[in-house]
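Chemist: for reference, the sequence and a predicted model appear below.
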Amino acid sequence: GDGRKKTPTGLIALSVAELRKLLSKLMEKAGETVEQVLHWSSWRRRHQYCAQQCHYRRRDNLMITEQLRL
């Protein structure tokens, strides 16, 4: 293997922007625990995954509809 871990099912991969948010939140010490910050990140990535899947499904349905019109 290449040493990289797979993204858990139902989450988008960690992006550079998400890593920046995590590091920023963890360093600012705004009263949130590490667990709370990681939980929020997981929730956000899960929500983004669902939105991404809906977008792909809708795009596929639109492509099929366009093909039927031809």
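Modeler: Done, it's in. Numbers count the residues shown, from 1 in each chain.
Chemist: what's the lowest-mean-pLDDT helix or strand in the chain packed up against?
Modeler: Sorting the helices and strands of the chain by mean pLDDT, DSSP states H and E puts helix 34-69 at the bottom, at a mean of 84. In terms of contacts (3 or more Cβ pairs under 8 Å, 6 or more residues apart in numbering; DSSP states H and E), helix 34-69 is packed against helix 16-28. The way it works is simple: take the backbone N, C-alpha and C, and place the C-beta from them, glycine included.
Chemist: tell me the angle the helix it packs on makes with helix 34-69.
Modeler: Going by axes from the mean of the first three to the mean of the last three Cα atoms, to 10 degrees, helix 16-28 is angled at 160 degrees with respect to helix 34-69.
Chemist: then helix 16-28 to PDB, C-alphas only?
Modeler: Written as PDB, here are the backbone C-alpha positions of helix 16-28 (Å, rounded to 0.1, in the frame of the first residue of the first chain):
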ATOM      1  CA  VAL A  16      -6.700  21.500   2.800                       C
ATOM      2  CA  ALA A  17      -9.500  24.000   3.800                       C
ATOM      3  CA  GLU A  18     -10.900  21.500   6.300                       C
ATOM      4  CA  LEU A  19      -7.500  20.900   7.800                       C
ATOM      5  CA  ARG A  20      -6.900  24.600   8.100                       C
ATOM      6  CA  LYS A  21     -10.300  25.000   9.900                       C
ATOM      7  CA  LEU A  22      -9.400  22.100  12.300                       C
ATOM      8  CA  LEU A  23      -5.900  23.500  13.100                       C
ATOM      9  CA  SER A  24      -7.300  27.000  13.600                       C
ATOM     10  CA  LYS A  25     -10.100  25.800  15.900                       C
ATOM     11  CA  LEU A  26      -7.700  23.700  17.900                       C
ATOM     12  CA  MET A  27      -5.200  26.500  18.300                       C
ATOM     13  CA  GLU A  28      -7.600  29.300  19.200                       C
END
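Chemist: list the contacts of it.
Modeler: Outside of helix 16-28, the residues within contact range by Cβ atoms under 8 Å, 6 or more residues apart in numbering are E32, V34, V37, L38, W40, S41, R44, R45.
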